[in-house]
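**Q** Okay, predicted coordinates and the sequence, questions at the end:
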Amino acid sequence: MQRQPLPKFVDARKFVAGGMKIHASQQVADLSRFAAGLANTSGSVDVDLRFFRSEQGFKCIVGAAVSQVEVLCQRCMEAMPICIEAEFNLAIVWTDEQAKALPKSLDPLILGEDEDLVLADLLQDELIINTPFVSYHDDAVCKVFELESEPEPVNVVSDAEEGDTPFAILGQLKPRD
Ligand SMILES: [Zn+2]
């Protein structure tokens, strides 16, 4: 399935009426608010959206986004790859009152009658919500642990057992006083 660039605007209610689907790919570099929380702007987002009217009559947008990006490890402050996924279960409504009346399974998307839906904004909101607040490398690959393992304190212990430490030498000197 060939992915198209994400359309900038859609008439969401018209898309619902037409039962439209979107299979798109968007560069992370073009999603500045989402990219601001990442280590860099590399990567892209695959997004699938389906517009339809539910059996209860709600104007629904459901779908999912998957993004391979890099965030900063909060231990060593170097970039690390993560996968951020978002799922959409939205219903288009006009007012706050309608939003409050929605079933729990649907999140409101408040949109005026003549207002186009900016898909990149919708996508960014959902990705930002699903970006972990802090991320850490696995211990085995984190630079912080590489640095800590260099001094090798194990040798000091074995030296002490052999009596070669500065303290052992002091002990030998003491009887001469
Ligand atoms: Zn790290």
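**A** Yep, that arrived. Numbering: from 1, shown residues only.
**Q** Hmm, Glu146 and Glu78 touching each other?
**A** No: using Cβ atoms under 8 Å, Glu78 is not in contact with Glu146; the gap is 10.7 Å. Every C-beta, even on glycine, is put in place using the N, C-alpha and C of the backbone.
**Q** So for the two, which sits in the more crowded spot?
**A** The neighbour count for Glu78 versus Glu146, taken as other Cβ atoms under 10 Å, is higher for Glu78 (14 against 11).
**Q** Give me the distance between that one and the ion.
**A** 6 Å (Cβ to the ion, to the nearest Å).
**Q** OK, contacts around that residue?
**A** 72, 137, 143 (Cβ atoms under 8 Å, 6 or more residues apart in numbering).
**Q** Can you tell me which of these are buried?
**A** Neighbour counting by 16 or more other Cβ atoms under 10 Å classes 72, 137 among the contacts of Glu78 as buried.
**Q** Sort out for me which of the contacts of Glu78 are in strands.
**A** Residues from the contacts of Glu78 lying in strands, with DSSP state E as the criterion: Leu72.
**Q** Nearest to the ion among the contacts of Glu78?
**A** The shortest approach to the ion among these belongs to His137, at 3.4 Å (Cβ to the ion).
**Q** just checking, the closest one touches Gln74?
**A** No: here His137 does not reach Gln74: they are 9.5 Å apart, not a contact under Cβ under 8 Å.
**Q** Poorly predicted segments of the protein, please.
**A** 1, 147-177 (pLDDT under 70).
**Q** longest single helix anywhere in it?
**A** helix 119-129 (DSSP state H).
**Q** Next, the buried residues of stretch 43-63.
**A** 43-45, 47-52, 58-63.
**Q** swap in stretch 88-105?
**A** Going by 16+ other Cβ under 10 Å, stretch 88-105 has these buried residues: 88, 90-93, 102.
**Q** quick one on the thing from earlier: just flag the most distant two among the buried residues of stretch 43-63.
**A** Gly43 and Phe58 (32.8 Å; Cβ to Cβ).
**Q** can you list the domain ranges for this structure.
**A** By the assignment in automatic domain parsing, the chain contains the domains 4-137, 139-177.
**Q** got the residues of this protein near the ion?
**A** Neighbours of the ion within the chain, by Cβ under 5 Å from the ion: 73, 75-76, 137, 142.
**Q** now, which of those sits nearest Gly37?
**A** Among the residues of the chain next to the ion, and counting by Cβ to Cβ, the member closest to Gly37 is Cys73, at 13.9 Å.
**Q** That closest one: what's it in contact with?
**A** So, once contact is read as Cβ under 8 Å, 6+ apart, Cys73 ends up touching 79-80, 135-137, 142-143.
**Q** Many thanks, have a good one.
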